[in-house]
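Asks: quick check, what structure comes out for this input:
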Amino acid sequence: MFENNSPIKVYQKLIDDFVEMTNSNRYDGIVNQKSYSHAKGDEKYNEFLSELNESQRKILVNIIDRERESVVHDILAELTWWIDCEELTICHRGIDLPKYFEGGLHYDYIGRINGWKWPE
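Replies: Residues are numbered from 1 along each chain as shown. Next up is the predicted model:
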């Protein structure tokens with residue numbers, strides 16, 4: 001559980017957690033083990049991966065990574081619209097978090113992915 005009650009720090013951690021989740025290497029199995037999942041019904045995906053060479057699997061992982069980043073961006077953009085247009089608030093332990101720093105949750109997210117530093 002996050003102990004720092006500063007709304008700014010909580011907001012920054014929330015965005016940074018999205019960045020970390022996006023950047024985590026969840027696809028090592030696709031490239032190295034030629035495997036997506038061992039769940040029942042996923043055999044067709046593993047079969048497909050086994051037909052690709054390593055270079056093709058790396059390209060596939062890059063496509064998946066870009067889509068993953070795009071999905072998180074789009075969700076945060078939608079939340080920003082709700083914040084700006086419908087007065088949605090996000091709070092932590094009853095305290096409203098900042099709306100955002102750079103024009104929207106999605107801008108802060110993309111900025112952080114690209115190495116942008118939080119303002120002091």
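
Asks: so which residue of this protein lies furthest out from the middle?
Replies: residue 51 (28.8 Å; Cα atoms, centre = their mean).

Asks: tell me the pLDDT of it.
Replies: In this prediction, residue 51 carries a pLDDT score of 94.

Asks: what of residue 13?
Replies: pLDDT, residue 13: 94.

Asks: return the list of helices and strands in contact with the helix or strand harbouring it.
Replies: Residue 13 belongs to helix 7-23 when assigned by DSSP states H and E. On a contact count with 3 or more Cβ pairs under 8 Å, 6 or more residues apart in numbering; DSSP states H and E, helix 7-23 meets helix 54-86, helix 105-113. Quick note: C-beta positions are derived from backbone N, CA and C, even for glycine.

Asks: which residues sit in contact with the residue most central in space within the chain?
Replies: In the chain, the residue lying closest to the centroid (Cα atoms, centre = their mean) is residue 22, at 3.6 Å. The contact partners of residue 22, by Cβ atoms under 8 Å, 6 or more residues apart in numbering, come to 65, 68-69, 72, 113.

Asks: tell me how far it lies from residue 6.
Replies: Remark: distance between residue 22 and residue 6 (Cβ to Cβ, to the nearest Å) = 24 Å.

Asks: can you check residue 93 too?
Replies: Per Cβ to Cβ, residue 93 is found 11 Å from residue 6.

Asks: those two: which has the busier surroundings?
Replies: A direct count of neighbours by other Cβ atoms under 10 Å for residue 93 and residue 6 places residue 6 higher, at 12 against 8.

Asks: lowest-pLDDT helix or strand in this structure?
Replies: The helix or strand of the chain with the poorest confidence is helix 28; it has a mean of 77 (mean pLDDT, DSSP states H and E).

Asks: tabulate the helices and strands packed on helix 7-23 (TSV), appending mean neighbour count, mean pLDDT and distance to residue 16.
Replies: Formatted as TSV, these follow (neighbours: other Cβ atoms under 10 Å; pLDDT from 0 to 100; distance: least, Cβ to Cβ, whole Å):
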stretch	mean neighbour count	mean pLDDT	distance to residue 16
helix 54-86	14	95	12
helix 105-113	21	96	6
